[in-house]
Structure formats: C-alpha cells, structure tokens
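J.: The following comprises the amino acid sequence and a computationally predicted model.
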Amino acid sequence: MAVKTMAKNTGTGQYNAGWHELTISKAVDGTWGDKRTIDLNFEGYPDNMRHRVFEASNKTTGEEFKIANLFRFACAGIISVLQDPTGKNPVIQYDDEVTNLIGTRVNVLFVKEPSTTDGKEYSRTFDLVPVVQETEHLTWTDDDVARLKNGVEKQYAKKTATTTNGVGTVHLDTTTTTTGDAEVPF
C-alpha cells in the first residue's frame, strides 16, 4: 500500500442560492424584439452566468424604469440629482452608457431552478439591488438595501408560486373510513 493525497473539495459557495455581492465586469447593450436589454457579467463567474435587464416602462407615465433602476442601484453614470419645482421629488440625471456599469458593485439574488433538459438543478440570477454605499449623489443604507432585497424575494416567491406548471398545490384528504357491515356498491 502507498500513501497518496487528493484534493479536498471545500466548495466556494459562489453558486449557492441567496444574495451575492458582485462586481460587474462586462455590460453589453442589446435588443430583444423592440426592447432594449443590457447583459451583465460578473467578476469570477463564467460568461454564461449573466444577468439580463429588460427595458420596462410605466404604463401610466411611459417612463422607463428597469434600466434606470440598474444605473441607480449600481450608482453608475450618475451626473446629478435635480430638484423638481416642488422640491419633493428629486430627479436623477444619469448617462446610460453601459461602460459606466463596469466596476460597480451590486447585490444579485441567485436562485436554483431545474433544467428543462436534464432535470438537474442549476443556479441563475433573478434580480439585483444596490449594495450599502454612499456616493456623491446617492446613498444606500442598510435599511434601504434590506427593504429592496425583501421586495425582490417576495417577487420571486410570487413568480414561483404562479408558474409551478401552471397549477397550484392541491391537498387532498385521502383518509377513508369503512365499516365491516357496509354493502359493496356493485
């Protein structure tokens, strides 16, 4: 017999479900149909582990908010914060060039979902929120980040509850009572 060695796999946890604070390493503009998209890659992750942000607009005002939130949450490209005439609703002025996102940090929610092809469970990104930080124009506190994380988690729970094969969970009472004197119904 010989004494041998082997690597001890400790795992990094980088694909575990939950929140991960990540640095954006690459941001690419694109389109999906008639919507603008931005694909994000993160330091330490392969190119196939990306997060795509789709343009979305408020139905009432027509104002785009998903890509705007990406820049706001990443504190990327922020030029200034302008006051509206009432002084109650500040407006963020930002440059939406995707290169402004590179090097910024965000919290990303990883979720586990089964593959449609092999049944294995894989990690994917669901959404992102800011990290705790203070910049010249924006500040994100612990409470702000916790509130936003909670909102994303509720959104994911709602999504998974309504998309589980299109059917909700049904609980059936399978207990039956029989007596020895009962007639057989046939």
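T.: Right, received. Where do you want to start?
J.: Mind telling me which residue is nearest the centre of the chain?
T.: The residue lying closest to the centre of the chain (CA atoms, centre = their mean) is D127, at 1.6 Å.
J.: which residue packs closest to it, ignoring adjacent ones?
T.: Spatial nearest neighbour of D127, chain neighbours left out: V152 (4.6 Å); criterion: CB to CB, 6 or more residues apart in numbering. Glycine gets a C-beta too; all of them are placed from N, C-alpha and C.
J.: so the one you found touches F110, yeah?
T.: No. Between V152 and F110 there is no contact under CB atoms under 8 Å: 11.6 Å.
J.: Given the lengthiest strand in the chain, what are its sheet partners and their directions?
T.: Under DSSP state E, the strand in the chain containing the largest number of residues is strand 18-32. Strand 18-32 has its sheet partners listed here by DSSP bridges as strand 35-42 (antiparallel), strand 105-114 (antiparallel).
J.: Residues contacting the shortest one, please?
T.: Spelled out, that is strand 35-42. The contact list for strand 35-42 (CB atoms under 8 Å, 6 or more residues apart in numbering) reads 22-31, 47, 49-56, 67, 70, 98, 101, 108.
J.: repeat for stretch 65-78
T.: Contacts for stretch 65-78 (CB under 8 Å, 6+ apart): 24, 36, 38, 53-58, 92-97, 100-101, 104-106, 128-130, 133, 135-138, 140, 148.
J.: Tell me the buried residues within these.
T.: When the contacts of stretch 65-78 are checked for burial by 16 or more other CB atoms under 10 Å, the buried set is 24, 36, 38, 53, 55, 94, 96, 100-101, 104-106, 128-130, 138, 140, 148.
J.: Take those and keep only those in strands.
T.: Short answer: these in strands (DSSP E) are I24, R36, I38, V53, Y94, R105, V106, L128, V129, P130, W140.
J.: and the gap between the last one and N58?
T.: Same thing as W140. For W140, the distance to N58 (CB to CB, to the nearest Å) stands at 22 Å.
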